[in-house]
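> 3D model of this:
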Amino acid sequence: MLRILILKQYIHHLSVNSVYRIINELSIMTGKFIVIDGPDGSGTTRHSAFLAEKMRTSGETVVLSAEPTDSPMGKNVRQILHQETMPSPDAVQLLFCADRANHVASLLLPALEKGNTIILDRYILSTIVYGSAQGISKKWLIAVNSVFPQPDLTIIALPPFEVCMDRIGRRNVQDQFEVENFQRQVYAKYASIEDPSVIFVDTSGPKNTVANTVYDHVTQYFKKSLVNT
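Residues are numbered from 1 along each chain as shown. Model prediction:
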C-alpha cells in the first residue's frame, strides 16, 4: 500500500509508459485473494487451476486450494453429500463453515500474511447460494461467514444452464445437490448477484479461450484497483 501511495504522489513526474510499467510490477508484487465460484458443472475447478498456472507463469507466488478441503473434515463433508440422506440443511452448511474455519486458520491467513496470491475453488459465496437454495436464511448464512476474510475478486463461472446440466450428467457419480430442480435455483441465484468485486465469465467455450478470458479479467481488475487506490 505504501508503494502505491508514493506512486500517486509522484505520478505527475512520470511518462505514461513508466506509469503502466510500475503498475504492472505492483500488480505482481501485491498478494491477491481470488475466488472462482459458480453452479455445479460450471468449470470452477478447471479454471482455478488454469488461472493459477497462468499467474505463476507471470511471476506470482500462488496458493491454489478448494472447498470443501482435502482435510478429514472436508472429506467428511464430501461423503455426506453422497449419502442417500443428509443432515438438516443448516447442519450441512455449518459443516462447510467448520471446514472453512480450519482452512482459513491453517492455510489462507498464513498465505495472505506472506503476501501470496490465493486462488480458491469455491468459498463463502457457495455457502450463501447453496444454503439459501435449501431454504436457509440468507442473512444467517452471511452472519455466520462474516468472520472470514473476504476475497478481493470473485469470478463467477456461468455458462448456459444446459451446459452445466450436460456436464453434470456426464459425471460417474452425482451428489445430493446435483439434481435439475435444485440446480435451477442455484443457477438463478448466481446469475442475480450484483457486486463490483464480482465478474461473470461464460465458461462454455474452448477451455484455453476461456482461461485467457479469465486471466485477462483478473489482470485488468487489479490494474484498475491499483490506479484507484
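> from here on, contacts and neighbour counts on C-alpha atoms
OK.
> which SS class is the residue positioned nearest the centre of the chain?
In the chain, the centroid-proximal residue (CA atoms, centre = their mean) is Val35; its distance is 1.6 Å. For Val35, the secondary-structure state derived from DSSP: H, G, I helix; E, B strand; the rest coil is strand.
> Roughly how far does it sit from Asp121?
In this view, Val35 and Asp121 are 6 Å apart by CA to CA, to the nearest Å.
> What's the mean pLDDT across the helix or strand where Ile80 lies?
Assigned by DSSP states H and E, Ile80 belongs to helix 72-81. The predicted model gives helix 72-81 an average pLDDT of 90.
> Show me what the helix or strand following it is packed up against.
Helices and strands here follow DSSP H and E; after helix 72-81, the next one along the chain is helix 89-103. Packing contacts for helix 89-103, counted by 3 or more CA pairs under 8 Å, 6 or more residues apart in numbering; DSSP states H and E, involve helix 72-81, helix 124-133.
> Pro206: which of these is closest?
Closest to Pro206 of the helices and strands packed on helix 89-103 is helix 124-133 (CA to CA; 24.8 Å).
> And that closest one, what does it pack against?
Under the contact criterion of 3+ CA pairs under 8 Å, 6+ apart, helix 124-133 touches helix 89-103, helix 138-145, helix 180-191.
> for those helices, which one sits closest to Ala157?
Nearest to Ala157 among those is helix 180-191 (9.2 Å), distances taken as CA to CA.
> quick check: angle from that closest one to helix 124-133?
Here helix 180-191 runs at an angle of 130 degrees relative to helix 124-133 (axes from the mean of the first three to the mean of the last three CA atoms, to 10 degrees).
> contacting residues around the nearest residue in space to Leu141 that is not next to it in sequence?
Leaving aside its chain neighbours, Leu141 sits nearest to Ile128 (5.7 Å; criterion: CA to CA, 6 or more residues apart in numbering). Shown in contact with Ile128 (CA atoms under 8 Å, 6 or more residues apart in numbering): Lys138, Leu141, Ile142.
> with the residues you listed in mind, which one is nearest to Ser197?
Lowest distance from Ser197 to the contacts of Ile128 (CA to CA) belongs to Ile142, with 16.5 Å.
> No more questions from me, cheers.
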